[in-house]
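# what follows is a protein structure lacking sequence information:
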């Protein structure tokens, strides 16, 4: 039993180490900053600039968060403060269902529903697009992070002590005023943690985004431009990985960067939530 | 506020409806029971039996491997065995592993495979998939084990049992429904995961005969077939998506039912 525990506790270190060993050849040639900030991506010439991919990932994640945060926050407020308890008990499992749907199915749905919608929108707004774009990727990602942000936020809001709410009501505040000045205020750190967890999830999502985002290695300048996030880069190029020198090393470095960023955000958010639990 | 919750629920309904309607119209018996024949990817005869069987092999293998690691981990995290600090650290590790993108597990699995001299194979896919499942399963099991009432354990200890006896005959039995739920939950997640098996399991038109054969899978069947330019082949992606969705939903519902059903026999 101890052996299993030791394995679980060291797995994260193994992941980092395994990917680092494979990524070392490219790191020996070029500094990590040069790689991250160069935008010339020509694997055949041995030029591996991650900049377009990093920007693609950040852009698509940012759009997802902008769409998801208000929707999740308002839904969570409704669920925890306004809705009937029975309603909450029905909605909770349905949200969990949303979390369990495989990412290829989100991608598949995105190709059938969201991509044509975005294409129509692009034409209507005078910026012709194939529909495979930053916006499509952002919308799909937003839907995929709904469950995690929504469920953590609802838990955090419900953990605000009833005494605080009652005191506010006793002072004559309306329900909404109580939500705004008491509940949101005392839960704001927990809400931040929920958002960070959602961000980490969105940052590493691969298949669904890959299917709708267009995959053109250029820094996107508009919502209707195609983009090329880091996870998609890894997934798309495993075939050629072995035939071009240094390519496998570069892709493993991409995986390592992804792992470190996501793990840092996740650990930060979890430590935050643990700290909150301890204080309450 | 109602409107935003409405959006969330509407999106879910739209996903289910689109996948079911599109999938049902292209689903047929030959899709389920045949492997791809010659010219399949140009729209000729055949089905995706290779992907269905491959996915089941991968997910069952991954579940077994993950179970072998999660169950001891969950049990050893009990207070009798592990101090508070170490247990908190492990939970934190599991949470971080849970959040790790599956493409990273795929890349790591690939590194291990190269190290062991394996090519894309059922075994490689199972290893990568078990890493994806491990944190989900272990975290859920640990919750189940933690829910076992302390008094019950104390009664057992008062009768003079050892830690191990109490764990195997009291804790394990009490936590069984939760443990089964954890396995089914992880199975459902694992069978839908594509990014981790992309490099490690490969894709083939045949049903694998050994652990070292490459293996097709449903999520990748959806992915690859949707990417082809032929409408006939794309329609098969719809069918594959529906089959995958049904498997995942059945797994998720049975996890719920299991925990309800078995909790009847538990002492509270």
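Nice, I can see it. No experiment lies behind these values; they were computed from the predicted model shown.
# and the contacts of stretch A:60-78?
A:134-135, A:137-139, A:141-146, A:149-150, A:153-154, A:157, A:179, A:183-184, A:191, A:194-195, A:198-199, A:202-203, A:209, A:213, A:223, A:227, A:229, B:1-5, B:7-8 (C-beta atoms under 8 Å, 6 or more residues apart in numbering or on different chains). For every residue, glycine as well, the C-beta is placed using N, CA and C.
# buried residues, it. List them.
Neighbour-count burial for stretch A:60-78, counted by 16 or more other C-beta atoms under 10 Å in any protein chain shown, picks out A:60-61, A:63-65, A:67-69, A:71-78.
# burial check on the residue of the stretch 151-280 of chain A found nearest chain B, number of neighbours?
Going by C-beta to the nearest C-beta, chain B is nearest to residue A:204 of the stretch 151-280 of chain A, at 2.6 Å. Other residues near residue A:204 number 27, with proximity taken as other C-beta atoms under 10 Å in any protein chain shown.
# and the residue nearest to it when sequence neighbours are not counted, what does it touch?
Closest residue to residue A:204 apart from its sequence neighbours, by C-beta to C-beta, 6 or more residues apart in numbering or on different chains: residue B:101 at 2.6 Å. Each residue near residue B:101 by C-beta under 8 Å, 6+ apart is listed here: A:203, A:204, A:205, A:206, A:231, A:258, A:259, A:262, B:195.
# and what of residue B:76?
A:1, A:2, A:4, A:5, B:82.
# sorry, back to before: among the contacts of residue B:101, which one sits closest to residue A:37?
Within the contacts of residue B:101, proximity to residue A:37 (C-beta to C-beta) peaks at residue A:258, which comes in at 17.2 Å.
# in this structure that closest one contacts residue A:230, no?
Yes: between residue A:258 and residue A:230 there is a contact at 5.7 Å, judged by C-beta atoms under 8 Å.
# chain B contacts on the stretch 101-250 of chain A?
A:101-109, A:111-113, A:143, A:146, A:150, A:197, A:200-201, A:203-207, A:211, A:231, A:234-235, A:238 (C-beta under 8 Å from any C-beta of the partner chain).
# again, only using 6 Å
Near chain B, the residues belonging to the stretch 101-250 of chain A are A:102, A:104-105, A:108-109, A:112, A:143, A:146, A:200, A:204, A:206-207, A:231, A:234-235, A:238 when assessed by C-beta under 6 Å from any C-beta of the partner chain.
# how far off centre is stretch B:184-201?
6 Å (C-alpha atoms, centre = their mean, to the nearest Å).
# what about it, start to end distance?
22 Å (C-alpha to C-alpha, to the nearest Å).
# which residues sit against it?
A:100, A:102, A:104, A:206-207, A:235, A:238, B:55, B:59, B:62-63, B:102-103, B:105-106, B:109-110, B:124-125, B:128-129, B:132-133, B:136-137, B:140, B:215, B:217, B:219-220, B:247-248, B:251-252, B:254-255 (C-beta atoms under 6 Å, 6 or more residues apart in numbering or on different chains).
# same question for it, mean pLDDT?
Here stretch B:184-201 scores 90 as its mean pLDDT.
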